[in-house]
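J.: sequence and predicted structure below; questions after.
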Number of protein chains: 2
Amino acid sequence: MNELFSDEYFMRKALDEAHAAFERDEIPVGAIVVSNNKIIAKGHNLTETLTDVTAHAEMQSITAAANYLGGKYLIDCTLYVTLEPCVMCAGALYWSQISKIVVGARDEKRGFLQAGVKLHPKTEITWGIMENECSELIKVFFRQKR
Amino acid sequence: MNELFSDEYFMRKALDEAHAAFERDEIPVGAIVVSNNKIIAKGHNLTETLTDVTAHAEMQSITAAANYLGGKYLIDCTLYVTLEPCVMCAGALYWSQISKIVVGARDEKRGFLQAGVKLHPKTEITWGIMENECSELIKVFFRQKR
């Protein structure tokens, strides 16, 4: 893979979204959807701003990507997300049949893995890209909240 | 409970939403959110119309109810839904901390129960209200698709 379009390159873009959430005083999680090395959707957590528990970064990115593509299945798309998706988002990703998910930090408590939720058979997953940067941003957020 | 405001009464309203989905050629699932015997949100499946896998009846109802209440937690609210929620919707309901869920038909294949997903400890659930009417509508929909 071209160095420019590495997983780290795109995860940095997702992390930019997480920083945008941080600046809005939202739990800093960001996501992007990439198709053929092009970013077709971006989103960051907006649950407080929109007073809507469904407004996770992934949900917005899935909706925006489908809107861009004009179809509901995210074929040949990759979601980069700074934090392991929750049960809701993993369920949405299942329905989307997305080709690949790249995760930054693990979420041992609220992530889909501990809940035993399965991804779609068509979906592959890569873990731990820029894990430290992604988890550190969340730690800083909660530290300042105490 | 007053006969007027029985579970059957409200499930019939959710079923009206499911019929609205049917008429749009969408898988016929409907949902409403009730607070103090008042319907504060309605939704029906719009995944095809919006080309968005996240546009389930429950998701729209959760978002609309939170918007009505001006807060993201659905305290003292009941969701009536004609079909057992999927993993995505059960995950969203978890985040909403909704007080009660009333389900019409079971979804043995795609429902949250078979996936082992847990509801929020604050959420109680009632099953099988107008189960036959709810499941029959879905059967008719898929029968005409064959």
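T.: Good, I have the coordinates. Residues are numbered from 1 along each chain as shown, chains lettered A, B, ... in the order given.
J.: okay, A:K145: pLDDT?
T.: Here, the pLDDT recorded for A:K145 equals 86.
J.: please read the previous query as pertaining to A:F5.
T.: Confidence score, pLDDT, at A:F5: 88.
J.: how near is the nearest residue to it once chain neighbours are set aside to chain B?
T.: The shortest distance from A:F5 to any non-neighbouring residue, by Cβ to Cβ, 6 or more residues apart in numbering or on different chains, is to A:N37 (4.7 Å). Just so you know, the C-beta spots here come from the backbone N, C-alpha and C atoms, and that holds for glycine as well. A:N37 sits 23 Å away from chain B, taking Cβ to the nearest Cβ, to the nearest Å as the criterion.
J.: what's the burial count for A:N37?
T.: A:N37 has 12 neighbouring residues, counting by other Cβ atoms under 10 Å in any protein chain shown.
J.: quick one: it and A:Y80, what's the gap?
T.: 12 Å (Cβ to Cβ, to the nearest Å).
J.: so what's the residue nearest to A:A64 when sequence neighbours are not counted scoring on pLDDT?
T.: Leaving aside its chain neighbours, A:A64 sits nearest to A:A41 (3.7 Å; criterion: Cβ to Cβ, 6+ apart). pLDDT recorded at A:A41 is 98.
J.: thought A:A41 was touching A:A65?
T.: Yes. Judged on Cβ atoms under 8 Å, A:A41 makes contact with A:A65 at a distance of 3.9 Å.
J.: returning to what we had before: what about the residue nearest to A:A64, neighbour count?
T.: 22.
J.: against B:K118, how distant is A:E84?
T.: In terms of Cβ to Cβ, A:E84 sits 17 Å off from B:K118.
J.: comparing the two, which residue is more hemmed in?
T.: A:E84 (24 against 14).
J.: didn't A:R24 look like it was pressed against A:L50?
T.: No. At 10.5 Å, A:R24 and A:L50 do not qualify as touching, with contact defined as Cβ under 8 Å.
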